[in-house]
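K.L.:
Prediction below, plus the sequence it came from.
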Amino acid sequence: MDFGWRVYHPNPSKPAFVAPPGAVDAHCHVFGPGDIFPYAPERKYTPCDGPKEKLWALRDHLGLSRNVIVQATCHGADNRALVDALDDSNGLARGVATVKRDVSSEELQALHQAGVRGVRFNFVKRLVDKLPFDSLEEISAKIAPLGWHVVIYFEAPELPELYDFFTSLPTDVVVDHMGRPDVAKPVDGDEFGLFLRLMRENQNFWCKVSCPERLTQKSEYSYDDVVPFARTVVESFPDRVLWGTDWPHPNMKSHTPDEGMLVDFIPRIATTAELQRKLLVDNPMRLYWPEEIPG
Ligand code: 0GY
């Protein structure tokens, strides 16, 4: 079947990089299966199924220990596939949901019980219709008392317009994929400079140094042009960075990512054992499993 984008890699390589014990894939998805958890009628794309069993097998294959599963737009605000995966994870997965402004406190409590610790606001125009700020403000006010955070997904040209809204959010805020910079522009230029300023001046902001496979403009799998961007973020904000595979990579058209190679990207952007431990273990544990941190 032609999904309009590639199905995930059938046989990813074994990475050379050995992740530290307890490493977290902090950005991945489960899709369907569509016959059990139907895709949202308002979706902008139909994914291939990406069921939880495949995600657990990938985690083990890559030498990782835990997952943070992020609700994707193809499931809209129907979080059943996400909750089903969290229920099946033996506590080794946490979630980021999508909710509507009229979500009740009982629904939020049930999501919390299942392991959800955040909501996602998506501003990428090809993925969603425009979200009114007042509804997002209402949602963030509802989730703040639970200690949840907001995950934001946007592209770099939108940041100037969204900056003040983002900094007004009352919770921790996690930026997907470094705010999708144009990596053909200079890492010390104005566009990425605004993102770095957002991180520097707002201590409640975190960043996922993820998706070199989406950001690269060079040949498949090298991701050389993304390294300076991700490395700058890791070295500037070592205690507020996360990493993830983005499996099963919705809407990837240029190439089929090999997750083994995505793991091998890590030591190029986090170049010491200490930075790697923060990126893969300490930071995601603080955000998603704080109750398991000793002491
Ligand atoms: C990602 C990226 C994409 C899709 C979504 O929610 C989504 O549908 O986030 C994308 O197409 O760039 O992080 O999964």
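P.N.:
That came in fine, so what should we check first?
K.L.:
quick one, what contacts the closest residue to residue 93 other than its chain neighbours?
P.N.:
The shortest distance from residue 93 to any non-neighbouring residue, by Cβ to Cβ, 6 or more residues apart in numbering, is to residue 67 (4.4 Å). No exception for glycine: its C-beta is placed from N, CA and C like everyone else's. By Cβ atoms under 8 Å, 6 or more residues apart in numbering, the contact list for residue 67 reads 24-26, 28, 55-56, 59, 89, 92-94.
K.L.:
can you tell me which of those residues are in strands?
P.N.:
In strands, judged by DSSP state E, the following of the contacts of residue 67 are found: 24-26, 28, 93-94.
K.L.:
Select only the buried ones of those residues in PyMOL?
P.N.:
Those of the ones in strands among the contacts of residue 67 that count as buried under 16 or more other Cβ atoms under 10 Å are selected in PyMOL with:
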select buried, resi 24+25+26+28+93+94
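K.L.:
if we can go back for a sec, in a strand, the residue nearest to residue 93, correct?
P.N.:
Yes. Counting by DSSP: H, G, I helix; E, B strand; the rest coil, one finds residue 67 located in a strand.
K.L.:
Please report how far it lies from residue 247.
P.N.:
Separation of residue 67 from residue 247 (Cβ to Cβ, to the nearest Å): 9 Å.
K.L.:
next one: residue 117
P.N.:
Distance from residue 117 to residue 247, by Cβ to Cβ: 19 Å.
K.L.:
of the two, who's got more company?
P.N.:
A direct count of neighbours by other Cβ atoms under 10 Å for residue 117 and residue 247 places residue 247 higher, at 26 against 22.
K.L.:
Skipping adjacent residues, who's closest to the more buried one in space?
P.N.:
residue 28 (4.7 Å).
K.L.:
Thought residue 69 was touching the one you found, still the case?
P.N.:
Yes. Between residue 28 and residue 69 a contact is recorded at 6.0 Å, counting by Cβ atoms under 8 Å.
K.L.:
Get me the contact residues on the chain for the ligand.
P.N.:
The chain comes close to the ligand at residues 29, 72-74, 122, 127, 153, 176, 214, 246, 250-251, as judged by Cβ under 6 Å from any ligand atom.
K.L.:
Next, format these as TSV and append neighbour count.
P.N.:
Shown next, in TSV, are the residues of the chain next to the ligand (neighbours: other Cβ atoms under 10 Å):
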residue	neighbour count
29	25
72	28
73	23
74	22
122	18
127	16
153	21
176	23
214	16
246	25
250	22
251	18
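K.L.:
and which of these is nearest to residue 234?
P.N.:
residue 176 (15.7 Å; Cβ to Cβ).
K.L.:
residues in contact with that closest one?
P.N.:
27, 70, 151-153, 208, 210-211.
K.L.:
Equivalent analysis for residue 24, please.
P.N.:
64-68, 242, 280-281, 284-285, 288.
K.L.:
Show me what it is bridged to.
P.N.:
Assessed by DSSP bridges, residue 24 has beta-bridge partners residue 66.
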